[in-house]
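K.L.:
attaching a predicted model along with its sequence, questions to come.
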Amino acid sequence: MMSDSIQQKILVLRFSALGDVALTVPVIKAFLAANKDVSLVMASERHCAGLFSGIDRLEFEGFDLKAEFKGFIGIFRIFNFLRKKYQFSMVADLHGVIRTHVLRFLFEASRRKTEVINKGRIEKYALVRKDNKIFRPLPHATERYADVFKRLGFMINFPQVDEVDRDTVTVKGTKHTISMQASNPVVKIGFAPFAKHATKMYPLDRFKEIVQFFDRAPYQLYFFGGKGAERLLLADWEGHFSRAVPMSSTSSIADELEIMQEMQAMVTMDSANMHLASLVNVPVISLWGPTHPYAGFYGFRQDPLNAVQVNLSCRPCSVFGNTTCWRGDHACMEQITPAMVEEKLLELLKRVKNR
């Protein structure tokens, strides 16, 4: 229920990839914390609903963009649905694609104030182009999201911390305590070997070597992935490794977040699971190939030292990993050895244990 003190309602637009939508969550929470008299309507894809459960003063509207709300007709249906159901004064476009450009134009015609994300396309191109790269860290995606709200005239500040607090995290409004004391010697590690684009994935046979290294006490192994073929492969791994804990094939995002929060660490690609783990403050060892943390899509508040990557003059060659290898040998991933990942994970677990 919305408080009587709510004075403004803002529509937030962010569709597309799960990881990109997940990166809006810390921004939205920081915005709502700083603006007690404002509520938000989050318009996104239906499968992202679990990311926003339990957030006070936020209403989620999910749309199936491949069926009922497909194409330009679907855009007008989204517009009419939102216009009729909600009375909001502003629109924050955190996506900046044709769909949201059209929606923003329609809402502007309805006398709503709007702002759109500055994606920094030119500087990102300079980072990934083949020749004369400008190799420098770019603003993080959360900074670009926050800037949209600032240009709408609102204050938004992320809490300043030197280190993420791992004592308690919140999922579905419930606090859980993470412990690695002698009374609880089990060390839980999550593994997520998949990514949206194949070029961002570490070879599965070598990833399996990493899992094999930790298939012993005191570790418990959890595997995270998508549906279909990914789930079938992970089910096979669950049957193969003696320390694996079976996961349900019907787990929702909210369910997986609840499981992730019990991990002492995760091993992922540059993928949605890196961002999901970040939402529950789990430290992540992430493997990077054609993409690079400098593009602004590193896990929120993850330690930069936990990124596993090799230095090559051609890296990065892609912002999102949706390109082909210029060299033809995928050296950025092939030159990462299982031992590099194992060593990095052992170092991380030692740090977590000593906190």
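P.N.:
Nice, thanks for sending it over. Numbering: from 1, shown residues only.
K.L.:
show me where this structure has helices.
P.N.:
18-22, 24-34, 71-85, 98-109, 121-128, 141-151, 204-213, 229-240, 253-260, 272-279, 331-334, 338-353 (DSSP state H).
K.L.:
of those helices, which stretch is the most buried?
P.N.:
Comparing those by mean neighbour count (mean count of other C-beta atoms under 10 Å), helix 272-279 ranks first with a mean of 26. Yep, even glycine has a C-beta here, placed from its N, CA and C like the rest.
K.L.:
circling back to that earlier point, same list, the helices of the chain, but as JSON lines with mean pLDDT and distance to Met42 please.
P.N.:
Listed next are the helices of the chain as JSON lines, based on pLDDT from 0 to 100; distance: least, C-beta to C-beta, whole Å:
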{"stretch": "helix 18-22", "mean pLDDT": "95", "distance to Met42": "9"}
{"stretch": "helix 24-34", "mean pLDDT": "97", "distance to Met42": "7"}
{"stretch": "helix 71-85", "mean pLDDT": "97", "distance to Met42": "11"}
{"stretch": "helix 98-109", "mean pLDDT": "97", "distance to Met42": "13"}
{"stretch": "helix 121-128", "mean pLDDT": "98", "distance to Met42": "25"}
{"stretch": "helix 141-151", "mean pLDDT": "97", "distance to Met42": "12"}
{"stretch": "helix 204-213", "mean pLDDT": "98", "distance to Met42": "34"}
{"stretch": "helix 229-240", "mean pLDDT": "96", "distance to Met42": "27"}
{"stretch": "helix 253-260", "mean pLDDT": "94", "distance to Met42": "14"}
{"stretch": "helix 272-279", "mean pLDDT": "97", "distance to Met42": "15"}
{"stretch": "helix 331-334", "mean pLDDT": "97", "distance to Met42": "34"}
{"stretch": "helix 338-353", "mean pLDDT": "95", "distance to Met42": "32"}
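K.L.:
looking at these, which is closest to Gln309?
P.N.:
Closest to Gln309 of those is helix 331-334 (C-beta to C-beta; 7.4 Å).
K.L.:
what's next to that closest one, contact-wise?
P.N.:
Applying C-beta atoms under 8 Å, 6 or more residues apart in numbering, the contact partners of helix 331-334 are 199, 201-203, 287-290, 309-310, 312, 314-315, 317, 325.
K.L.:
on that earlier part again, okay, the helices of the chain in a markdown table with distance to Gly62 next?
P.N.:
Listed next are the helices of the chain as a markdown table, based on distance: least, C-beta to C-beta, whole Å:
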| stretch | distance to Gly62 |
| --- | --- |
| helix 18-22 | 10 |
| helix 24-34 | 14 |
| helix 71-85 | 11 |
| helix 98-109 | 14 |
| helix 121-128 | 28 |
| helix 141-151 | 19 |
| helix 204-213 | 32 |
| helix 229-240 | 22 |
| helix 253-260 | 12 |
| helix 272-279 | 16 |
| helix 331-334 | 34 |
| helix 338-353 | 35 |
